[in-house]
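>>> coords please:
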Amino acid sequence: MPSEQPASPAEFRRYRRFLSWFVLTFVTVGSFYLLVSVAVTIYRRRNAVPTGAPVGAMASASDLRSCAEELTDVKRALERHLGDFHNLLAHYDAAEAQSWYENEVFWLGQWKAAGERCRYTVPRKGQFAKEWEELRVIHEDLRDIEQTYTKGLLRFAQQQGPRLDSMRGRLASVGRRIDDIVAAPPGVNQP
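Below you'll find the predicted structure:
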């Protein structure tokens, strides 16, 4: 019975070289893609990107529609942003507070980008003048609502935040005492 000899390393040298280059290339491309996607995500979170070309002085019906849709998106983003503040009040966390602040900055960038693209400061004449004026007022109202709501929430947080924290601590203490009572064997005197 002839003994089997193991294959010599020279037979697999090409295969191993190909495999190592393939893995190296895959890891390099994957790492580059990951870094670029993180950078783009951070940039887009900090800087709102206008959704279209700036609207000219002679705006068409499609320009009017796109600006109305953009204001709808800004309104939805404001609703999400203001809703997130309630989560922050429920349990203060420094990371959540930073995220909320970054969302506020992003929303403000979105609002400004919509205003610059649709040029609400320029008075419009012609067929759609009334609609442009209404969009301009809505655009200003969104900013006013954000400022008013944020001021009210911050005032509430300053005035009621310590009270909420105290209540959370007392509730946790009572909960622990109740758990101790429930966990004690029957017949043991409770303090």
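>>> what's near enough to touch I138?
Applying C-beta atoms under 8 Å, 6 or more residues apart in numbering to I138 gives the contacts L71. The C-beta positions use only the backbone N, C-alpha and C, and glycine is treated the same way.
>>> distance of it from V105?
22 Å (C-beta to C-beta, to the nearest Å).
>>> what about the helix or strand harbouring R155, distance to the chain center?
Following DSSP states H and E, one finds R155 within helix 129-183. On the basis of C-alpha atoms, centre = their mean, to the nearest Å, helix 129-183 sits 18 Å off its chain's mean C-alpha point.
>>> would you map the helices across the chain?
Using DSSP state H, the helices of the chain run over 13-46, 61-90, 94-118, 129-183.
>>> mind putting the ones you listed into CSV with mean pLDDT and distance to V55?
Listed next are these as CSV, based on pLDDT from 0 to 100; distance: least, C-beta to C-beta, whole Å:
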stretch, mean pLDDT, distance to V55
helix 13-46, 85, 22
helix 61-90, 81, 5
helix 94-118, 81, 5
helix 129-183, 85, 9
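>>> quick check: chain neighbours aside, which residue is closest to the spatially most central residue of the chain?
Closest to where the C-alpha atoms of the chain average out (C-alpha atoms, centre = their mean) is N103, at 5.7 Å. Excluding its sequence neighbours, the residue lying closest to N103 (C-beta to C-beta, 6 or more residues apart in numbering) is H81, at 4.9 Å.
>>> which residues does that neighbour contact?
Counted by C-beta under 8 Å, 6+ apart, H81 has contacts 100, 103-104, 107, 146.
>>> just S20 next, same as before
Contacts for S20 (C-beta under 8 Å, 6+ apart) come out as none.
>>> any idea how far V29 is from it?
S20 is 15 Å from V29, where distance means C-beta to C-beta.
>>> save the contacts of H81 as TSV, and put in distance to S173 too.
Output for these, formatted as TSV (distance: C-beta to C-beta, whole Å):
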residue	distance to S173
W100	29
N103	34
E104	35
W107	39
E146	38
